[in-house]
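>>> Here is the input, now give the coordinates:
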Amino acid sequence: MKTTGQSTSYFRIKSSSGIKINASEYASYPGEVKWLLRDHTAPRSMVFKRDFIVFRAVTVAHIASLIYSLGRNQFNMLSGDGCGCRWWVYNVICDLARWDYVVSQAPDEIHGAMLFHYHASPNLHRVPTVMVYGIFTPIFVESQITGAPSQQVVKITVNGREQSTPLTEWVPYHPDANGKRRLCNWRYNLLINDPTQP
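As a prediction, this is how the structure comes out:
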């Protein structure tokens, strides 16, 4: 992963081939994920880079499927000036760590570094900045609620991988077209049916 004025993620699979993924830089439009097959050569403008160990046999298809399954391809930059890529990249790295595609420390490793603009000339220096938030469109997923009423847990499965989260992490969201109540977990960017609805 490299960070410059606009943040970009590179997922290198084997030798020098890789997939570049990046949210659209155009403000006032929903973000768009673009996939390009390229030979990866570190650009001269690169000033920050992190490589993360992947678990098992993770392919680009696994990463792509996770991004779409969690609605990370639906991103709206709210800044009005094209800022928001850093927030998108950070959330994708969090997802990869949360779903055991990369080491759990990956988000912590990059978070602090993403709070700066980097300038490579004449001498490398950095200037503090803020990570401008955007909004993702949450995706509906089937769920199972288990546990005692005071300790209920939501079980969800994405890409064949299961996660369990406390029901208290899920907050009310807009009803669907039929008026059915839904809950949202913003950390996962997922929706479930409200289990308290008769």
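
>>> Counting by contacts, list what whichever helix or strand residue 76 is part of packs against.
Element membership for residue 76 (DSSP states H and E) is strand 75-77. Here strand 75-77 touches strand 30-31, strand 134-136, going by 3 or more Cβ pairs under 8 Å, 6 or more residues apart in numbering; DSSP states H and E. For the C-beta atoms, the positions are set from N, CA and C on the backbone; glycine is no exception.

>>> Let's see that with 10 Å instead.
If contacts are counted by 3 or more Cβ pairs under 10 Å, 6 or more residues apart in numbering; DSSP states H and E, strand 75-77 sits against strand 30-31, helix 85-98, strand 134-136.

>>> In this structure, where is pLDDT below threshold?
When residues are selected by pLDDT under 70, those of the chain lie in 1-49, 79-83, 120-122, 197-198.

>>> how does it divide into domains?
Here the domain assignment for the chain is 2-135, 138-193, based on automatic domain parsing.

>>> Could I get the ones you listed in CSV, plus columns for mean neighbour count?
Formatted as CSV, the domains of the chain follow (neighbours: other Cβ atoms under 10 Å):
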stretch, mean neighbour count
domain 2-135, 16
domain 138-193, 14
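
>>> which residues touch residue 193?
140-143, 145, 176, 180-183 (Cβ atoms under 10 Å, 6 or more residues apart in numbering).

>>> With residue 107 instead?
By Cβ under 10 Å, 6+ apart, the contact list for residue 107 reads 52, 90-98, 114.

>>> and with 6 Å instead?
Residue 107 makes contact with 93-94, 97, according to Cβ atoms under 6 Å, 6 or more residues apart in numbering.

>>> Backbone dihedrals for it, please?
Dihedral pair for residue 107: phi -60, psi -40, per degrees, to the nearest 10.

>>> circling back: now, which of the contacts of residue 193 lie within strands?
Among these, the members found in strands (DSSP state E) are 140, 143, 145, 182-183.

>>> returning to what we had before: which stretch among the helices and strands packed on strand 75-77 approaches residue 123 most closely?
Closest to residue 123 of those is helix 85-98 (Cβ to Cβ; 23.0 Å).

>>> The closest one - contacts with which helices or strands?
Applying 3 or more Cβ pairs under 6 Å, 6 or more residues apart in numbering; DSSP states H and E, one finds that helix 85-98 contacts strand 7-12, helix 106-111.

>>> if we can go back for a sec, which one among the contacts of residue 107 gets closest to residue 133?
Comparing the contacts of residue 107 against residue 133 with Cβ to Cβ places residue 94 closest, at 13.4 Å.

>>> what's the closest one in contact with, if anything?
Residue 94 is in contact with residue 107, counting by Cβ under 6 Å, 6+ apart.

>>> Run the chain-centre distance for stretch 104-117.
Taking Cα atoms, centre = their mean, to the nearest Å, the mean C-alpha location of stretch 104-117 is offset from the chain mean by 13 Å.

>>> quick one: the most centrally placed residue in the chain from residue 104, how far?
Centre of the chain computed as the mean C-alpha position; nearest residue by Cα atoms, centre = their mean is residue 92, 2.2 Å away. The gap separating residue 92 from residue 104 is 15 Å, by Cβ to Cβ, to the nearest Å.
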